[in-house]
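Here is the input, now give the coordinates:
(one chain, ligands or ions: 2)
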Amino acid sequence: GKQAYVRSKPHLNIGTMGHVDHGKTTLTAAITKVLSERGGAKYVPFARIDRAPEEAARGITINIAHVEYETAGRHYAHVDMPGHADYVKNMITGAAQLDGAILVVSAQDGIMPQTREHVLLARRVGVEHVVVALNKADGADPELTDLVELELRELLAEHGYQDVAMVRVSGLRALEGDPEWVASIEALLQAVDDNIPVPERYLDAPFLMPVENVLTVTGRGTVVTGAIERGTIRVGETVEVVGHGEGFTAVVTGVETFGKTMERGEAGDNAALLLRGVRREQVRRGQVLAAPGTASAHRRIAARIYLLTAAEGGRSTAVTTGYRPQFYLRTTDVPGRVDLGDAALALPGETVEATVELGRPVAVETGLTFAVREGGLTVGAGTVTAVLE
Ligand code: GDP
Ligand code: MG
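Ligands and ions are numbered 1, 2, ... in the order given. A predicted model of the protein is given here:
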């Protein structure tokens, strides 16, 4: 038989955010260095993180660096980004769905404009948990740092973040191996472990997996692959195929990841599900497999859309009602008509509230993020704010 997959620690997605030059990348490198000395990471130097490759996430190019590391009880995937525009795009499109964030604030400089913007964005896109790294504490006056901390508590509370853990750290000194500041990074990681819970949606939410690929395995049947977005799935459970035409249900007769059998597939896993009695033509990329009755396909949505500027690769001219770009939602893309309501037009760089009529029914829900493309360009990043029909 096939080898079984062993799951060791819960996995979380986190990332740094905060004003440029407050030390996000230095801190990211320091975390991997400190943990590498305990066998929990491979050290990733500053220059490797800072020269991150561009990633075409949901059709939008974002400069993003991924590192991974383990604390005693968890496995983390951690993202760091160089520019403010990269944060805005990443957070709106959900290129990295953050379970929590490390807000990096220079203790020497205090709250700066991008500190405020990232806190606001984090709240808007549903990042529930934040831990503050008061960085550059090596050169900061402790009493002034107390004031920065007070102001931060006020800012965070305004956006609904209460009792946020704040740790004074020095990414730079920790990278240099100074024991006092190495300990500060350990304290920060402890605060992350203690204050960013394993998200409930991961396991307790109803199962959902966007269909990436459909294959026929001779002698076994139809296999559907994709990344499990939420919930869990076991052999013998029923899933509903949603999107495109009429929905239908099927029983799962096999669950695998990377060729190994799994007792249960979980959110975050790349899974291959064997479906009983289903012909290959019945399932298509762009549909979703969901716990029966928990997902539905729709054609009309309300959405908040950020229009990329020309400098970000977007349009150089305004859009008006009647605009018909292509919408990229999970693994599908579909044409759609934009209605701006009372706004006559929307300019690149603006965030607009719009109604969108999709060309065919797609499995959508409030909070789902998507990209807007036109003629090979990514022109917008959106979030579904309501499902209308
Ligand atoms: P980012 O733009 O937020 O990623 O910031 P960087 O990590 O690139 O750091 C910006 C500058 O601040 C660099 O010159 C760093 O060496 C410096 N820096 C970062 N962390 C610290 C720190 O803990 N203490 C001091 N004194 N300087 C730091
Ligand atoms: Mg950086």
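
who in the stretch 51-200 of the chain is up against ligand 2?
Selection of the stretch 51-200 of the chain residues close to ligand 2 by CB under 5 Å from the ion yields residue 82. For every residue, glycine as well, the C-beta is placed using N, CA and C.

Show me the strands in the stretch 51-200 of the chain, by range?
54-57, 60-63, 65-70, 75-80, 100-106, 130-135, 166-168 (DSSP state E, counting those that start in this stretch).

Of all those strands, which one comes closest to ligand 1?
Closest to ligand 1 of these is strand 130-135 (CB to the nearest ligand atom; 4.8 Å).

State whether residue 359 is indeed within a strand.
Yes: Residue 359 sits within a strand when classified using DSSP: H, G, I helix; E, B strand; the rest coil.

check contacts around residue 20.
With contacts defined as CB atoms under 8 Å, 6 or more residues apart in numbering, the neighbours of residue 20 are 83-84, 114.

Sitting in helices, which of those do you find?
Judged by DSSP state H, helices contain the following of the contacts of residue 20: 84, 114.

Report the buried members of the contacts of residue 20.
When neighbours are counted using 16 or more other CB atoms under 10 Å, the contacts of residue 20 contain these buried positions: residue 114.

just to revisit the earlier point, would you tell me which of the strands of the stretch 51-200 of the chain gets closest to residue 151?
Closest approach to residue 151 among those is made by strand 100-106 (9.4 Å; CB to CB).

and residue 326, how many residues sit next to it?
18 (other CB atoms under 10 Å).

got a list of what it touches?
By CB under 8 Å, 6+ apart, the contact set of residue 326 is 333-336, 372-374.

For the residue nearest the centre of the chain, which non-adjacent residue is spatially closest?
To find the centre residue of the chain, average its C-alpha atoms and take the closest one (CA atoms, centre = their mean): that gives residue 97, at 1.5 Å. The shortest distance from residue 97 to any non-neighbouring residue, by CB to CB, 6 or more residues apart in numbering, is to residue 13 (5.9 Å).

How many neighbouring residues does that neighbour have?
Using other CB under 10 Å as the criterion, the residues surrounding residue 13 number 18.

Please confirm that it is located within a strand.
Yes: applying three-state DSSP, one finds residue 13 inside a strand.

and it, what does it touch?
76-79, 96-99.

JSON lines for these, including pLDDT?
Written out in JSON lines, the entries for the contacts of residue 13 read as follows (pLDDT from 0 to 100):
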{"residue": "76", "pLDDT": "90"}
{"residue": "77", "pLDDT": "85"}
{"residue": "78", "pLDDT": "92"}
{"residue": "79", "pLDDT": "91"}
{"residue": "96", "pLDDT": "59"}
{"residue": "97", "pLDDT": "73"}
{"residue": "98", "pLDDT": "85"}
{"residue": "99", "pLDDT": "88"}
